[in-house]
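Colleague: mind folding the following:
(chains A and B)
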Amino acid sequence: MIFWLLAAALTALVVAVLVLPLLRRPADPDAEGYDARSAYDQTVYRDQLRELQEDQRRGLLPAEEADAAKREVERRLLRSDAEAQAGGSTASSAPLFRRLGAAFIVLLMPLAGVGIYLGYGTPGLPGLPFAERQGGSSQEAEMLVAQLEARLAGNPEDAEGWLVLARVYERMARYGQAAEAYRRIIELGRGGAEVHASLGEVLVAEAGGQVGRDARLAFARAIEMDPANPRARYYAGMAMAQDDRLADALAVWRGLEADSPPDAPWRPLLERQIANAAASLGEATPETIPETAPGAGNEAPRGPSAADIEAMQALSPEERDQFIRSMVEGLAARLEEQPDNPEGWLQLARSYTVLGDVEAAGRALERAAPLVEAMPADTPGRAALQQRLEALRATLP
Amino acid sequence: MIAELGHFALILALLTAVVQGSLPMVGAARGYMPWMSLAAPAALMQLVLVALSFAALTYVYVVSDFTVVNVAENSHSAKPMLYKVTGVWGNHEGSMVLWILILALFGSMVAFFGGNLPPSLKARVLGVQAWIGIGFLLFTLLTSNPFLRVFPAPADGRDLNPLLQDPGLAFHPPLLYAGYVGFSMAFSFAIAALIEGKLDAAWARWVRPWTLLAWAFLTAGIALGSWWAYYELGWGGWWFWDPVENVSFMPWLLGTALLHSAIVVEKRDALKIWTVLLAILTFSLSLMGTFIVRSGLLTSVHAFATDPERGFFILVLLLITVGGSLLLFALRAPVLKPGGLFAPISREGGMVLNNLFLAAACATVFLGTLYPLFLEAIDGSKVSVGPPFYNVTFVPLMVPLLFVMALGPLMPWKRADLAGVFARLKLAALGALAGAAITLYLREGWPVLPAAAMGLVAWLFVASLVEWCERIKLFRAPLGDSWRRARNLPRAAHGMTLAHAGMAIAAAGMIGASVWNLEEVRNLRPGESMQVAGYDYRFDGVEQIQGPNYLADRAQITVTRDGRPVAVLTPEKRLYPVQNMPTTEAAIHTTWVVDLYAVIGDSDGRGGWAVRIFHEPLVPWIWIGCIVMVLGSFVSLSDRRLRIGAPSRKAKAVPAGGHPAPAE
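Modeller: Residues are numbered from 1 along each chain as shown, chains lettered A, B, ... in the order given. Take a look at the predicted model:
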């Protein structure tokens, strides 16, 4: 509010300064005669003559040089006089032009000023000096939220305001409210790709890192509107990773990396994801490594991907439990299809132990033991597997 | 809120410029006095608004308000206060606002001091000035807006390029811009004269102070930039013929030509069309100088902004300004009445020669700077045009220029007697011989070219003084008489002597620096020393120190000569962690004849450090010469003759034709 008052005062000042000369009625119309041009010229020439005389008097200029110069200046004076006689007065100060000019200024300043400003400015955003941010950060945000909420209650159509509010909520980790605010912007028809992507992002944050159905829809919308949107592409990759489509995720992320400017703020995070995903894939690909037991040349069990781990860290304990259980079940299912994998069975047994499912752990060990024993004694990994088998047996009652 | 107010003020400034550029122009064309009288208050208001905006930007930098994108990108909360303030113009957006501020300052000066200008000319000059303002304000608001906000604000800023964290940055850009923008005045006067179709001696008188002021600022700005490169980059050089340097040098060359040709217009009412063209070209080169480093065409420390959108805007703006003004010139120049003819051997003849050499020199620099860009644009090949090119093109043009420069001031207007002039320069010839002889004596070998060059410079220096001494009859009349004459001499005459002598001093410095500069690099352990040009440099060791926002290795080097202590140099190698960028801080000890210049390099990890010593003879003279030149232009500017009064009622009352010319 204060801002608008000050802005109005400033505009009024500008209008006043510019309009006053137009409103002032000249006391004597002749006093500002337009043809006085020659008078100005002649002032200069008289000045030049005076200088020449001075220089000559002081002996700085030889007489003949001074005379020649003087003659020239005098010629200029004469010419200027002739011009003054020839050119009639064209000066005019008709009231019509005064009013026209004044109206132009009075209309232009406030209308165009506010118009342009609204296009580029961010009127609602208060300043935030660094010194005031130290320590008082959350308090300052609370105040800002209260202010913005009050303003938006009065003017719910203000998409800009909602955007600022959404960002504040986001920063305060109030993801549900942030999502609401983003949805309002979309309802107002002002939601571009970035707003949709931001909505998806807060939904992911709210779901503790899981890219859920609504979030996926939001990212899909964002990509539809702007296929290059980095935020949406990043999370699309994340969704694929969570679906175990790590190779696809990697392709999406690599594409994003190639399109990102070198100083993009999301680069470090993206690069970490790519490195993790590539490392996970790297573990999974060497299925042809000859060291694995002959006859057991199946795919080595896949550990959780980096994205999975990251997603897990954001989960609540129960959710985490659930997540691990689902992963373990996936492993068990794979082993049922390709049972000739002693290492896989051992890992499964260990996972069940962690989950506290002693019975299932025992069953997995049963499957692993004969396979390990069947390995030729000189197989490189046999001793280690044997040891792990014994150790796991020891933990079971 | 402060940032938003600054933003709003900048938008109002644009609208004020629109008013200032439209109504007074129409008013001048149609003779509507009230519309013309709008120009001055609009120009003053423009200054108020832009100053407000600039103050707001400075404020957000000072308090580190990172909700402003520009601050977040170019500042840091831990930066020393001086660099928070100078950081305002240490980036593209902020420097544009500074540019506009200086433009508004010049405009308001015309409004304020321009009482002696005919109303129509004043309205038109301010109108053209407003057009330039509109272009720059649009550019700033649309493509380089410093007031854009971001929320949530980043935790801290990205800091200012450490190379720019230097006191030199406080003065170099403002001065350089004052020079560039100052030439906009000459440009506006030229365009106004073309529109008006009237250009005469009086016009030249009115333009003179603005050109002089711009020239002084540009000289100071270039010198400061060169000095900054000299001590901050740690390369021991002071001029690299770098494109960015060249683009500031070109307007200087043409501006110098303009300064002289305007005098011819003022005194002889001749050379008018050429002067108008020079005014247009000088400002066009200034614009190019501002923009070429912004458009991303050149990569250097100055290239803050490389953005195709900006580049396109710049190109359009340049095309409109340069193309439009040249078109106007082509259409209107024939309207201007040609002035009187003149003899080749005369003061004005000398000025023409000066203009020819300066324009040719500018053309060579122009070619050398832009040719590589064109070539790269056409077939992608990269060439670099460096000192060898300029040594064979630019330097040969300067030699006759310096030679003739000594003659010019001694020649009277209209017709001169060349033999007589040379006769009066016997002393200067003696000086030249002495200069050459001293050079030959001091330097081993048989340095013919350097000796000849020093002789030429001595010739110019002595000739400048001879002219001055003659005018005050020093040694020919009693001292008291000479003193009285010196006091009576117009300040402009003193100014010219100073400027020409300053040029001679600076030229001597340039010659000395390029011919006798020595460089030596050694790997030294603490306690070891090296000898360069008779000075012993003992490396005492390196200590780690912590600055406000950097870490540094500071070396201590004790300099002695024949066992007598001369100086202790402490060059530093700094690391600015925020931008992870190292800089070198050279240590310089000057004896006013020679600079002892030390830079510390990397450690070899076994206790030794790379120590680089430059022996820079006569380099201080470059700066001294530039200071003298700037001093000269300010002395000249203080000449009361430049302060012409406005026509008074009384003057108007004098019947036409009956001008008071008392035949004393």
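
Colleague: skipping its backbone neighbours, what lies nearest residue A:105 in space?
Modeller: In space, and not counting its chain neighbours, residue A:105 is closest to residue A:18: 4.8 Å by Cβ to Cβ, 6 or more residues apart in numbering or on different chains. Placement of C-beta: from N, CA and C, glycine included.

Colleague: now that neighbour: how far from residue B:252?
Modeller: To residue B:252, residue A:18 is 37 Å away according to Cβ to Cβ, to the nearest Å.

Colleague: what's the answer for residue B:402, then?
Modeller: Look at residue B:402 and residue B:252: by Cβ to Cβ, they are 16 Å apart.

Colleague: before we move on, back to that, so the residue nearest to residue A:105: helix, strand or coil?
Modeller: helix (DSSP: H, G, I helix; E, B strand; the rest coil).

Colleague: what's around it, how many residues?
Modeller: 25 (other Cβ atoms under 10 Å in any protein chain shown).

Colleague: wait, doesn't it sit right on residue B:42?
Modeller: Yes: contact criterion Cβ atoms under 8 Å: residue A:18 and residue B:42 qualify, at 5.9 Å.

Colleague: need the residues touching each of the two.
Modeller: Listed as contacting both residue A:18 and residue B:42 by Cβ atoms under 8 Å, 6 or more residues apart in numbering or on different chains are B:16, B:19.

Colleague: now stretch B:538-545: buried residues?
Modeller: Within stretch B:538-545, the residues that qualify as buried are B:538-540, B:542, counting by 16 or more other Cβ atoms under 10 Å in any protein chain shown.

Colleague: just stretch B:310-322 next, same as before
Modeller: Judged by neighbour count using 16+ other Cβ under 10 Å, the buried positions of stretch B:310-322 are B:310-311, B:313-314, B:317-318, B:321-322.

Colleague: grab the nearest non-local neighbour of residue B:37.
Modeller: residue A:21 (4.8 Å).

Colleague: so who does that neighbour touch?
Modeller: Applying Cβ under 8 Å, 6+ apart, the residues contacting residue A:21 are B:34, B:37-38, B:41.

Colleague: distance of it relative to residue B:34?
Modeller: Using Cβ to Cβ, we find residue A:21 at a distance of 6 Å from residue B:34.

Colleague: again, but for residue B:288
Modeller: Taking Cβ to Cβ, one finds residue B:288 at 38 Å from residue B:34.

Colleague: kindly report the same for residue B:422.
Modeller: Residue B:422 is 59 Å from residue B:34, by Cβ to Cβ.

Colleague: of the two, which one has the most company?
Modeller: Neighbour count, other Cβ under 10 Å: between residue B:422 and residue B:34, residue B:34 has more, with 24 against 13.

Colleague: what about that one, which helix or strand?
Modeller: Applying DSSP states H and E as the criterion places residue B:34 in helix B:33-36.

Colleague: just the pLDDT for residue B:637.
Modeller: Looking at residue B:637, its pLDDT reads 88.

Colleague: that one contacts residue B:216, correct?
Modeller: Yes: the pair residue B:637 / residue B:216 is scored as a contact, 7.2 Å apart, by Cβ under 8 Å.

Colleague: residue numbers of the stretch 451-600 of chain B in contact with chain A?
Modeller: Within the stretch 451-600 of chain B, the positions lying close to chain A (Cβ under 8 Å from any Cβ of the partner chain) are B:471, B:485, B:488-490.

Colleague: the residue in the stretch 301-450 of chain B that chain A sits nearest to in helix, strand or coil?
Modeller: Taking Cβ to the nearest Cβ, chain A has its nearest neighbour within the stretch 301-450 of chain B at residue B:412, 5.3 Å off. Put simply, residue B:412 is coil when judged by three-state DSSP.
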